[in-house]
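[1] sharing a model that was predicted from the sequence below.
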Amino acid sequence: MNPYVHRTAQLCALAALAVTVFPAAPAQAAAPPTALRFGACPDSVPAPPAPARVECARLSVPLDWDRPHGQHIQLAVSRVRASGTPAERRGALLVNPGGPGGSGLPYAVTKRAKLPASVRRSYDVIGFDPRGVGHSAPVDCGDMGGLFAAPGADPVPVGPATERKYLASLRGTADDCAAGAKHVLPYLSTEQTARDMDAIRVALGEPKTNFLGVSYGTYLGAAYAARFPQRTGHMVLDSVVGPWDWYDFDVIQSRALLRQRDRFFAWVSDQHDRFGLGGGAKEVRRAYLRVREGLAAHPVNGFGSAEFDRAVYRALGRTERWPGLADGLRAYLDDGVADGLRPASAFDGPDSRNYEAANRLVKCADGPAPSPRRIVADIRHTRSLDAQPVLTGMEASTCAYWQHRPAHRTPLGSPDAPPVLLVASAHDPVTPIEGARKLQRLLPHSRLVTLDNDYSHGVFASRGNACVDDAAAAYLVDGRAPEADVRCEGPGLPGVS
């Protein structure tokens, strides 16, 4: 059993929230239900610039909110207080960085540093590691069917034999997660995490939950609004995951990435004097394929086709990473080195292993699974669009072999929720904008702020766009939702130096 999980048979769901100073051992007696006791944070949480400081606490919540007297887990919570006067304070702003599987404990510091000054003055920024992540009862799925092998197997199956191997790796991942985390498979759902958020609200003594969610954080926010529409305060959902089943979302994303990669090829060709990869998009594509084929045939220090595809997946989502990707391609073609493509942190490190495990557990707990037959059919169709796609983000395929089947889909949005601010980049390949438009229909009082002529994932307090940031800050600080949807002019594709 995970060492962070423990029994608290005498506690009920919210009437007695056991809280301890982080990182001390769990307290024997329950603290007052509306008082988190904050103290020192773990080393993974950076210190903000003075005079601000970050502090952390633990909060006990039921593993299964439908059985509040049963097993409990500890959530790690962080806080950076508002810097303004008491008159300026608007409450607490919970933040989530995405994933699923992303650690939110340091996000109270890192995201706050980018927020407009008016938001920092108005809100205590609250981070938390969602259940299963980081310091909140972290999950471990072991080898995950060979996912962390270096070099990994080619992630794009071609033909019946490799398709069978691909499905076998998915089954291996599901089996490893069942072996390492079987007791929590039903309980790492987004619905359970939304109820954790409400417990944090209670423990902070806040009447409503104000929230900033990015990427998967938008899905979490929409789930909270569905469950607790009357307790939803000001909510900014940035880079929206649409209200699809997770597998459908993964397929949509994989095809959006094809369009984004074509843009990358055209952009590189326009910078031929800088990168030397070809004077046309087709020529750049051929250079790209030479790199991938070379690494597939002869991996460089454990860096092969799977590692290459992960690097491409990461780079395509943010245009400021494109020059580095192009330079890495050129360096491999010139010198046979992969250092420019290799990520800074090891994929098989403990944080990455936890992220990948939590990602699958959440996705597979949230709704229906695809059939193996459908997975193969979808890959074949994607390969008919482009013979060499990037399938790195197809995490929910594992759910085909999952050993727990959720009873229903995760409810998202509510007509009873107050105005919510949705934010999207017009050409984001990671969370395509049609997802924001679909979610807007489930949150009928919401407004959509679109950053036109932009091709990156993550917008508010991320792209440096004053139009977006001012609209979101006015909504958070003054409660003023725009009267209509807003369109802001984006930066276009990046220049090079």
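    Sure, I can see it. Here the structure is a predicted model, which means the values were calculated and not measured.
[2] which residues in the stretch 151-300 of the chain form strands?
    Using DSSP state E, counting those that start in this stretch, the strands of the stretch 151-300 of the chain run over residues 209-214, 232-238.
[3] in this protein, where is pLDDT below threshold?
    In the predicted model of the chain, residues 1-34 satisfy pLDDT under 70.
[4] ranges for the helices of it?
    Remark: helices assigned in the chain by DSSP state H are 107-110, 117-122, 160-181, 190-204, 216-227, 246-270, 272-275, 281-297, 305-316, 322-335, 350-365, 372-385, 434-442, 466-478.
[5] for Cys56, which of those is the nearest?
    Ranking these by proximity to Cys56 (Cβ to Cβ) places helix 107-110 first, at 9.1 Å. The way it works is simple: take the backbone N, C-alpha and C, and place the C-beta from them, glycine included.
[6] in TSV: the helices of the chain, plus mean neighbour count.
    Below are these laid out as TSV (neighbours: other Cβ atoms under 10 Å):
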stretch	mean neighbour count
helix 107-110	22
helix 117-122	19
helix 160-181	18
helix 190-204	23
helix 216-227	28
helix 246-270	21
helix 272-275	14
helix 281-297	17
helix 305-316	22
helix 322-335	18
helix 350-365	23
helix 372-385	15
helix 434-442	19
helix 466-478	19
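[7] any idea how far Val459 is from Glu483?
    To Val459, Glu483 is 20 Å away according to Cβ to Cβ, to the nearest Å.
[8] my bad, should have said Val423
    With Cβ to Cβ as the criterion, Val423 and Val459 are 5 Å apart.
[9] ok, the two, which is more surrounded?
    Between Val423 and Val459, Val423 has the larger neighbour count (other Cβ atoms under 10 Å), namely 31 against 27.
[10] list the beta-bridge partners for that one.
    Counting by DSSP bridges, Val423 is bridged to Asp238, Val449.
[11] joint contacts of Val423 and Val459?
    Residues touching both Val423 and Val459 (Cβ atoms under 8 Å, 6 or more residues apart in numbering) are Asp238, Ser239, Val449, Leu451, Val468.
[12] about what we covered before: now the strands of the stretch 151-300 of the chain as a markdown table including mean neighbour count and distance to Arg383?
    Shown next, in a markdown table, are the strands of the stretch 151-300 of the chain (neighbours: other Cβ atoms under 10 Å; distance: least, Cβ to Cβ, whole Å):
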| stretch | mean neighbour count | distance to Arg383 |
| --- | --- | --- |
| strand 209-214 | 27 | 31 |
| strand 232-238 | 26 | 32 |
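[13] looking at these, which is nearest to Leu442?
    Here strand 232-238 is closest among those (Cβ to Cβ), at 11.4 Å.
[14] and that closest one, what does it pack against?
    Using 3 or more Cβ pairs under 8 Å, 6 or more residues apart in numbering; DSSP states H and E as the contact test, the elements touching strand 232-238 are strand 209-214, helix 216-227, strand 421-425, helix 466-478.
[15] would JSON lines of the ones you listed with distance to Gln253 be doable?
    What follows is the helices and strands packed on strand 232-238, written out as JSON lines (distance: least, Cβ to Cβ, whole Å):
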{"stretch": "strand 209-214", "distance to Gln253": "15"}
{"stretch": "helix 216-227", "distance to Gln253": "12"}
{"stretch": "strand 421-425", "distance to Gln253": "14"}
{"stretch": "helix 466-478", "distance to Gln253": "22"}
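[16] among the shared contacts of Val423 and Val459, which one lies nearest to Ser78?
    Nearest to Ser78 among the shared contacts of Val423 and Val459, with distances taken as Cβ to Cβ, is Asp238, at 19.7 Å.
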